[in-house]
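>>> My questions concern the predicted model and sequence given below.
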Protein chains: 2
Amino acid sequence: MDVTDASGAERASSAPSTALLTDRYELTMVQAALRSGAAHRRSVFEVFTRRLPEGRRYGVVGGTGRVLDAIESFRFDGARLDWLSDQGVVDDATLGWLADYRFGGDISGYPEGQVYFPGSPILTVEGSFAEAVVLETVVLSILNHDSAVAAAASRMTAAAGERPCIEMGARRTHEYAAPAAARAAHIAGFASTSDLEAGFRYGIPTGGTSAHAFTLLHDTERDAFTAQVVSMGRGTTLLVDTYDLAEAVRTAVDVAGPSLGAVRIDSGDLLMLAHRVRRQLDELGAKETRILVTSDLDEYAIAALAAAPVDAYGVGTSLVTGSGHPTCSMVYKLVARASSDEPDAPLLPVAKRSAGAKTSRGGRKWAARRLDADGIAEAEVVGTGPVPHDLADRVVQVPLVRGGEVVGREPLAVARARHAAVRAQLPLSATQLSRGEPVLPTELVSRSGHAGG
Amino acid sequence: MDVTDASGAERASSAPSTALLTDRYELTMVQAALRSGAAHRRSVFEVFTRRLPEGRRYGVVGGTGRVLDAIESFRFDGARLDWLSDQGVVDDATLGWLADYRFGGDISGYPEGQVYFPGSPILTVEGSFAEAVVLETVVLSILNHDSAVAAAASRMTAAAGERPCIEMGARRTHEYAAPAAARAAHIAGFASTSDLEAGFRYGIPTGGTSAHAFTLLHDTERDAFTAQVVSMGRGTTLLVDTYDLAEAVRTAVDVAGPSLGAVRIDSGDLLMLAHRVRRQLDELGAKETRILVTSDLDEYAIAALAAAPVDAYGVGTSLVTGSGHPTCSMVYKLVARASSDEPDAPLLPVAKRSAGAKTSRGGRKWAARRLDADGIAEAEVVGTGPVPHDLADRVVQVPLVRGGEVVGREPLAVARARHAAVRAQLPLSATQLSRGEPVLPTELVSRSGHAGG
């Protein structure tokens, strides 16, 4: 692997408007609510999920930082207002309101890298109905995507133990989902990424090897290896499975010498081949040369290679598609709103209550993670009303936006360290790969302090 | 549904640079090949897939138009070159080459909306090794994502028959994957999308209803329905499952009158509820009021509702995640290259030939779809060398780029019409939802004209 270190800071993107990353009904609801007068009612929306993907033990919050960026760029510029007007999406009164739009409310939420469970209040958005409802789609798009990748990445890095995982999935996902996926994976423990945009935007270390095409381009494998070593140095990673593996390993060490950085195996029975290549490298004196494996790896394949002499895992498809669960089921629900149009009307809890399955619980929630005597998490406690004293210092949400100003931005390294710390605090069964129940129960506490459904 | 018509033309995006939507190894391979001299060898890369997702009968090409846009925007600007330099990704000679980069070669491929099969040469990129290899990641990202959505969309629209399908999945995928998904779905027959960005960028019709939050915001369901009808007119779609469904339908018709446009049901047993709501609407005299169903629909759920009185399907999660297959397994492989560094050296077929499973066939391919006497497709014929005379007018690839100039751009409506036409030309079993083999066999024809593996 030729790897560049993280530059440390996220790069401010050119920040195109995010205002149309929005479902049409949000703007027409604003129009109707402006007309009815209810648009200005103080409202609390909550992002949560009713369940984890089947068999998963915990979820991982990814995307919070990107949500903050998206909210800052949520501005309706001239081109977008003209288009909305031309298309007759909303009326002139609403266009005027959109033209002045700046989110001015408050947002709290689970910080990035934190784990979550069914019912966890992952994000709480409070403002007027109109200013909060329009953020629904872009907030959910980001959190549902990034958290799906973060959850898969966390399982993979747990399975890999001390060995580094490298994100290589850009070609298997939307071109702009790719850097977001690399970012989420990095938070959940991936060491580096092949995706240059992720390095450029977020300062994530980038790395790479070479492709079969590079070998095929040259007249012989020796020519290709020589070209690469001359250009990249002996620390480079040579791809050894274009023709005959044993021959390629021999040629690689012959060309680069025993200080060759690494070889990559991208096909075949990786368990058997890793042993064979390790033996051959050792016999050739290349005892420090590492073995990188790639080829449709997922957390199960990584775990199956635990006893093999593998030094690093390159993971693509399975990572960027959430290892079978490419999206989370997070929803953005109104849980409380002003009880009338009066300016200081108190908040009233609200919830859908049809006969269908999609019911939820009204009221603004807090969440706290209760630990046992050994400091291991034993429950996700979610409640409305005041936080019980014994849980006051275990509250999970942090302030993210106050009066429209972002207050919760943090370096990626902080989120990455947080994820490692909170995962280590979960019961051991959290990182079992086998299917099971969420590793923490969610206990619902009612306003009076008693547990309730 | 409040729907706006397509404006007809795709909107030129602000076109940020796509040059770093690239795996690092592509640039380091360019560096090594510039050094070895092989960078300038004429090369042919081919995009193809070794298999369809398990059980699928055909693939659908999505994203070709976006690939052409991405190639035009593949330019290394100052900020990106500075970053590559700061990070030491490549040396100065390579930075100079990148600064001048413009793709100057030729691209042919399957046009958008076309169907494909294992081995189909979906895209053929010809140029110098260096100018063609750097496009690998962005080309695959776009085609793998958009084609996965297009394939799922095609199954859904086939299952829906004459009833419109509406794309509503933006919240379940990356925020910029969302408009691309809406675009791919539209090509494969979806009528409209909830995603405003897709309307803005691509001129796809947008539509929407309202959310439970809008009902919960108001003091009563009647207040909410009244607000929506006053603002949006009687043709609007009212969401009727926030509280009691029968009560809501009664209130809806009471507020809007029998000319109410539609009602939306978003939870519960949709088959039973659609029948019940239809009966109630008819009894209330609202015989023209349509029923829109949403709620985790996929092609199977759509098919199961074929006999229900449903007028339109809103599809989200399952569509944007490819209905179980969120990415395709398309690869970008070197299949031929100049046999030496001489300027006019003939092309030599090349292919990986290790013991692993990922082998492929060298040589630049053509593809033709052979029809039977009734005009129904019977085989995907893929070959190298000259196209047999009897297949000359059935060649599937079209010119997309010539000498670096895009020649294959077309309106979305053309791709949409193409998809409907080519799907109708497949054997009937193509649109069976049950798992099976690809509906057309891929016949490989060797240079001499004989079939071969």
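Happy to help now that I have it.
>>> Going by C-alpha atoms from here, please, whenever you check contacts or count neighbours.
OK.
>>> Residues of the stretch 201-350 of chain A that sit close to chain B?
Residues of the stretch 201-350 of chain A lying close to chain B (Cα under 8 Å from any Cα of the partner chain) are A:206-214, A:216-219, A:227-228, A:230-232, A:241-245, A:267-269, A:317, A:321, A:324, A:326-329, A:333-334, A:337, A:339-340, A:350.
>>> of these, buried ones?
Buried by 16 or more other Cα atoms under 10 Å in any protein chain shown: A:206-214, A:216-218, A:227-228, A:230-232, A:241-243, A:245, A:267, A:317, A:321, A:324, A:326-329, A:333-334, A:337, A:339-340, A:350, out of these.
>>> Let me know whether residue A:33 touches residue B:229 as I believe.
No: using Cα atoms under 8 Å, residue A:33 is not in contact with residue B:229, being 11.2 Å away.
>>> of these two, who's got more company?
Set residue A:33 next to residue B:229 and count neighbours by other Cα atoms under 10 Å in any protein chain shown: residue A:33 wins out with 24 against 20.
>>> how near is the more buried one to chain B?
7 Å (Cα to the nearest Cα, to the nearest Å).
>>> and for residue A:33 and residue B:229, which residues touch both?
Shared contacts of residue A:33 and residue B:229 (Cα atoms under 8 Å, 6 or more residues apart in numbering or on different chains): none.
>>> Contacts only, for residue A:43.
Counted by Cα under 8 Å, 6+ apart, residue A:43 has contacts A:126-129, A:132, A:334-338, A:347.
>>> Quick one: which of the residues you listed is the most crowded by neighbours?
residue A:334 (33 neighbours).
>>> Surely that residue is in contact with residue A:48?
No: judged on Cα under 8 Å, residue A:334 makes no contact with residue A:48 at a distance of 11.1 Å.
>>> Which of the residues of the stretch 201-350 of chain A next to chain B fall in helices?
Judged by DSSP state H, these include A:212-214, A:216-217, A:227-228, A:230-232, A:245, A:317 as members of helices.
>>> Quickly check the residues you listed for the two that are furthest apart.
A:230 and A:317 (31.4 Å; Cα to Cα).
>>> Was I right to think residue A:377 contacts residue A:429?
No: Residue A:377 lies out of contact with residue A:429 (Cα under 8 Å); the separation is 11.7 Å.
>>> which of the two has more neighbours?
residue A:377 (19 against 13).
>>> Now the phi/psi pair for residue A:361, please.
phi -110, psi 130 (degrees, to the nearest 10).
>>> Skipping adjacent residues, who's closest to residue A:290 in space?
Closest residue to residue A:290 apart from its sequence neighbours, by Cα to Cα, 6 or more residues apart in numbering or on different chains: residue A:262 at 4.3 Å.
>>> er, residue A:287 actually
residue A:281 (6.2 Å).
>>> Contact partners for that neighbour?
Here residue A:281 is in contact with A:249, A:253, A:287, A:289 (Cα under 8 Å, 6+ apart).
>>> Widest-spaced pair of those residues?
A:249 and A:287 (12.8 Å).
>>> between these two, which one's more packed in?
residue A:249 (22 against 15).
>>> Surely that one is in contact with residue A:278?
No: checked against Cα under 8 Å, the pair residue A:249 and residue A:278 is beyond contact range at 9.9 Å.
>>> So is the longest helix along chain A next to chain B?
The residue-count maximum for a helix in chain A (DSSP H) belongs to helix A:136-160. Yes: Helix A:136-160 is in contact with chain B by Cα under 8 Å from any Cα, via A:136-142, A:144-146.
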